[in-house]
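1. Sequence first, then the predicted structure, then my questions.
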Amino acid sequence: MAEQSDKSNKQDAKILMVSSSPHLAEAGTSKRIMFEVVIGMLPAVAMSVYLFLDYAAVVLISSVLACVVTEWIFNAVRKRPQTTGDGSAIVTGLILGLSLPPSLPWWAVVLGAVVAMGVGKMVFGGLGSNIFNPAMVGRAFLMACFGMMMTTWTIPLLQQETIINEDGTEEVVAITQATPLGQAKAAIRAAADDEKNNIDRNTCYTIEVDGQWKDMFMGNISGSLGETSTLCWLVGGLFLLFRRTITYHIPLAILATVTFISAIVWMINPDVYANPMVHLSGGGLMMCAFFIATDPVTCPLSKLGRVIFGIGIGALVMLIRLVGGYPEGVMYAVLLMNSVTPLLDRWTRPTPLGGHAGAN
Amino acid sequence: MAVTKSAKIIGKFTFKRGVHPPHRKKFSEDAGIRAVTLLAGSTVVVPMVQHIGAPNKPTVEKKQEVTAGQEIGSSEAFVSAPVHSPVNGVVQNVTAMNHPLGRKVLSVVISVGEQQPDQQQWKQFPADFDAQKYDSETIINATRQAGVVGQGGAAFPTAVKLKPNPEKPVDTILVNGCECEPYLTSDHRLMIEAPGPIVAGLQLAMRAAGATKGIIAIEDNKPDAINSILSCIKDTNQIQLAICKTKYPQGGEKQLINAVLKRVVPTGGLPLDVQVVVSNVGTLSSLAWAVVENRPVTQRIVTVTGAGVKSPGNFRVPVGMMLSDLLEQAGGLTDDAEKVLLGGPMMGPSTPTLDVPILKGTSGITVLTSGDIKRQQATACVRCGRCVDYCPLKLVPTRIAHAVKARDIEMALDYDLLACMECGCCSYVCPAQIPLLQYLRAGKQFARDIKK
């Protein structure tokens, strides 16, 4: 007996760790998800810097810095552990920066970033608690305050050079031009005006914009930093899908809805409405489908919920583009659908295998 | 190794959702089962609770001599299973002792005597065995007396499971040989080394329950076990072998039924509700010996594995042997051993002490080292929905966990908290390292407290 207690004492000397099962965990962390999203955005970042040079650099850097610093200050003031290392502020900063026009002055970018992080995220309690996509909140704020600056589109500097050479002038100015979607909108308006005034021009209003989709796909057009190149977003988006950082439900639902609606109106009246390729590669649609709408915090939990969420965004984007007051509607579409996410979560709650317990 | 082709094989089957944890079976999958003998003078502790149901009452007294196989605790209750002494020896004490569940349980402490019976052979089943010679009642009585309980972990008395219920007839006995838990290899080794008793047990169980079909389900990462079982069922009627994909929790009762038979067990219901009885391979082996030789359950196969033990292996262990003694048989703990699990890493609870006995339901001991354990601070839920996407029961773990955190038990129950089978997939996939399952377990406890 004495021998035994000796033995058990010896073994008890080793302190064992106790915890609740499971004792294994998958390698992924929230931080890794965030940095994968950053990696996914790198092609678009590189393209924006290639197209807009220092304009892009100023906007992106000030946006990211302002986002990180804002989060840091909020945590410091609230005496909470610092969360700036989780990478979510960098993601928000990049998305906000890429959704802004290149000519926006740095102080406006900073203001937008502070609102994005402060009002859009930190006042709700930080990562995971916000209702609306923070970057879109920041952009909506800038849109409301600086509407003119936010809709002044510089054409890419590459393209600018050739134009200047043809003109024979040495003066380097930022040339602005309506975005392809702006032109599409103008075509719709012109057609509507003509119809109101009973003028039959018998022309194709969209001839100009319809021919642009190849440039739109590559990125050599005017627009926000990140809304120029469809190709870059496709590459980044496929990377996220491949890494399983996001699921295909939201991107597929958005793109399918936009294709469907734009194809129908285009087939009804190709003279007035731009073709589906323009709508697919125009504006921030690709960016939205893969990087903005898929923000886990503000999209529904269940797969069905995500599909409905995506369809809703696609439909709202097309509603705004075709009928609304703005040429582009990604931002408002995302914000509106964000607001119904809790509702979608409730409606699309999965039924447990074997039915609800209460049913028995 | 290639699987032999046979008309007996059906599959491949799988269920929806679930996860793919690392297998880590290499530690012990090739180690043959070794019988463990107890040294004279050492103690075994046989708790009165080793099953789901009414606790046993000790039928022996202090200082009484007992022989191996003697009943030392029994109960009149319907849902219960008696316990037996694994050794010849003297009852040292009848008192509350440490139990793997974490509390103290009334146990019979036996000091192992000098003279022990020879090891019973347990691999070869009599060649002239014919299940038709036994009727349902005989089989169920023998199963009950031998104290056979489910050896997969839940330890539900097998006799109760098999007892024919006129309102709920059984058409299929599904044998669980999936062993989807990482690390564990006890069922795997049993299927390789002693397939005869398993198949005999299945035939007896089918007769007892009046089932017309028997299906043995094995995951496709165990081709040697598949071949071994196949060679035993080739001359039988009504028995098939189902190959399942390697995925966790393939061996979960509801998942297995859903995968192989495409039937859905209602939430809160039993496999019986869909005419099925699921039984673990080890259980059926015990059942076969119980019926044919009246052999009580006093031994079981236990895998001792993980980087934290010096020489991992599979052992045939007397039920009641102390965990510390068993670990010594496996070479003892390494210096960096940090966590000792009673079972596998997905569902096995960790024990704070080695001073607990091996029970009928203990399928393995997994010892994790400091290198295996990543201690990370949980961060905020980013609502990524992975727990929802991977939950094999289609629950919404993050919602339930948040409700429990806010002590909103009603909301947690509304989100079907009680349907959770604690497989741990949610915690496993959570990128924010939130111990979701721990919240759910706490929630179940709160729900029980409220009910009281």
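-> Alright, I've got the coordinates.
2. Pull the distance from stretch B:442-452 to the chain's centre.
-> 26 Å (CA atoms, centre = their mean, to the nearest Å).
3. do the same with stretch A:43-58
-> Per CA atoms, centre = their mean, the centroid offset for stretch A:43-58 relative to its chain is 17 Å.
4. Surely A:Y248 and A:L240 touch.
-> No - contact between A:Y248 and A:L240 fails when scored by CB atoms under 8 Å: they sit 9.9 Å apart. The way it works is simple: take the backbone N, C-alpha and C, and place the C-beta from them, glycine included.
5. And these two? Which one has more around it.
-> A:L240 (22 against 17; other CB atoms under 10 Å in any protein chain shown).
6. any idea of the pLDDT on the more buried one?
-> Looking at A:L240, its pLDDT reads 93.
7. if we look at the host helix or strand of it, which residues are touching it?
-> Assigned by DSSP states H and E, A:L240 falls within helix A:230-242. Applying CB atoms under 8 Å, 6 or more residues apart in numbering or on different chains, the contact partners of helix A:230-242 are A:36-37, A:39-44, A:46-47, A:216-219, A:226, A:246-248, A:251, A:280-281, A:286-287, A:289-291, A:294.
8. same deal with stretch A:117-128?
-> A:30, A:66-67, A:70-71, A:74-75, A:80, A:83, A:86, A:88-89, A:92, A:129-138, A:141, A:297, B:379-383, B:432.
9. Just to be sure, which of these are found in helices?
-> A:30, A:66-67, A:70-71, A:74-75, A:88-89, A:92, A:134-138, A:141 (DSSP state H).
10. from the contacts of stretch A:117-128, which would you call buried?
-> Neighbour-count burial (16 or more other CB atoms under 10 Å in any protein chain shown) is assigned, among the contacts of stretch A:117-128, to A:30, A:66-67, A:70-71, A:74-75, A:83, A:86, A:88-89, A:92, A:130, A:132-138, A:141, A:297, B:379-383, B:432.
11. Pull the number of nearby residues for B:I409.
-> 18.
12. in what helix or strand does the closest residue to it other than its chain neighbours lie?
-> Closest residue to B:I409 in three dimensions, ignoring its sequence neighbours and counting by CB to CB, 6 or more residues apart in numbering or on different chains: B:F446, at 5.0 Å. Assigned by DSSP H and E, B:F446 belongs to helix B:436-451.
13. picking that back up, make sure the residue nearest to B:I409 is actually in contact with B:R407.
-> Yes - in terms of CB under 8 Å, B:F446 counts as a neighbour of B:R407; the distance is 7.1 Å.
14. circling back to that earlier point, flag every buried residue along the helix holding B:F446.
-> For helix B:436-451, a neighbour-count test (16+ other CB under 10 Å) marks B:436-444, B:446-447 as buried.
15. Pull the contacting residues for the residue of the stretch 351-452 of chain B found nearest chain A.
-> In the stretch 351-452 of chain B, no residue comes nearer to chain A than B:G424, which is 3.3 Å away by CB to the nearest CB. If you count contacts by CB under 8 Å, 6+ apart, B:G424 has them with A:21-22, B:346-347, B:437.
16. Check it and give its pLDDT.
-> Value listed for B:G424 in the pLDDT field: 92.
17. ditto for A:N9
-> 47.
18. thinking again about what came up before, to the chain's geometric centre, what's the distance from the helix holding A:L240?
-> 13 Å.
19. after it, next one along is what?
-> helix A:249-268.
20. For A:C288, which three-state class applies?
-> helix (DSSP: H, G, I helix; E, B strand; the rest coil).
21. ok, the residue nearest to B:V90 when sequence neighbours are not counted - how many residues close by?
-> Spatial nearest neighbour of B:V90, excluding adjacent residues (CB to CB, 6+ apart): B:S111 at 5.1 Å. By other CB under 10 Å, 17 other residues sit near B:S111.
22. Also near chain B: which of the contacts of helix A:230-242, exactly?
-> A:T247 (CB under 8 Å from any CB of the partner chain).
23. Which ones among the contacts of helix A:230-242 map onto strands?
-> Applying DSSP state E to the contacts of helix A:230-242, no entry is found in strands.
24. Show the buried residues in the contacts of helix A:230-242.
-> A:36-37, A:40-41, A:43-44, A:47, A:216-219, A:226, A:246-248, A:251, A:280-281, A:286-287, A:289-291, A:294.
25. which residue packs closest to B:C420, ignoring adjacent ones?
-> Per CB to CB, 6+ apart, closest to B:C420 is B:L440, 5.1 Å.
26. could you list every residue that touches the one you found?
-> B:397, B:400-401, B:404, B:417, B:420, B:422, B:426.
27. By neighbour count, which of the residues you listed wins?
-> Highest count within the contacts of B:L440 by other CB under 10 Å belongs to B:C426, 30 neighbours.
28. My read is that that one contacts B:C391, right?
-> Yes - in this structure, B:C426 is within contact of B:C391 by CB under 8 Å, at 5.9 Å.
29. shared neighbours, those two?
-> B:P397.
30. and B:I216, which of the three is it?
-> Quick answer, by three-state DSSP: B:I216 is strand.
31. Per-residue pLDDT of it, please?
-> Here the pLDDT value assigned to B:I216 is 93.
32. go on, B:G196?
-> 89.
33. Got the domain ranges for chain A?
-> For chain A, automatic domain parsing gives the domain ranges A:30-150, A:179-347.
34. For the residue in the stretch 1-150 of chain B positioned nearest to chain A, what are phi and psi?
-> In the stretch 1-150 of chain B, the residue that lies nearest chain A is B:P21 (5.3 Å; CB to the nearest CB). Here is the backbone geometry of B:P21 (degrees, to the nearest 10): phi -70, psi 160.
35. That one: what's it in contact with?
-> A:24, B:182, B:248, B:345-346, B:428.
36. if you set the cut-off to 7 Å instead, what comes out?
-> By CB atoms under 7 Å, 6 or more residues apart in numbering or on different chains, B:P21 lies in contact with A:24, B:182, B:248, B:346, B:428.
37. Who are the contact partners of the second one?
-> Spelled out, it's B:P182. A:24, B:21-24, B:344-346.
38. And the pLDDT for A:W213?
-> 73.
39. contacting residues around it?
-> Per CB under 7 Å, 6+ apart, neighbours of A:W213: A:277-278, A:281.
40. Would you pull up the residue in the stretch 101-250 of chain A closest to chain B?
-> Closest point on the stretch 101-250 of chain A to chain B, by CB to the nearest CB, is A:G128, at 3.8 Å.
41. Spatially nearest residue to that residue, not counting backbone neighbours?
-> B:A380 (3.8 Å).
42. Same question for B:M97.
-> Excluding the flanking residues, the one nearest B:M97 by CB to CB, 6+ apart is B:S107, at 4.1 Å.
43. which helices and strands does the helix or strand hosting the one you found pack with?
-> Taking DSSP H and E as the criterion, B:S107 maps to strand B:104-112. Using 3 or more CB pairs under 7 Å, 6 or more residues apart in numbering or on different chains; DSSP states H and E, the elements in contact with strand B:104-112 are strand B:43-47, strand B:89-98.
44. and of the ones you listed, who's closest to A:Y205?
-> Nearest to A:Y205 among those is strand B:89-98; the distance by CB to CB comes to 84.0 Å.
45. What helices and strands are in contact with the closest one?
-> Counting by 3+ CB pairs under 7 Å, 6+ apart, strand B:89-98 packs on strand B:43-47, strand B:65-66, strand B:104-112.
46. Include mean pLDDT when you put the ones you listed into TSV, please.
-> Converted to TSV, the helices and strands packed on strand B:89-98 look like this (pLDDT from 0 to 100):
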stretch	mean pLDDT
strand B:43-47	91
strand B:65-66	90
strand B:104-112	90
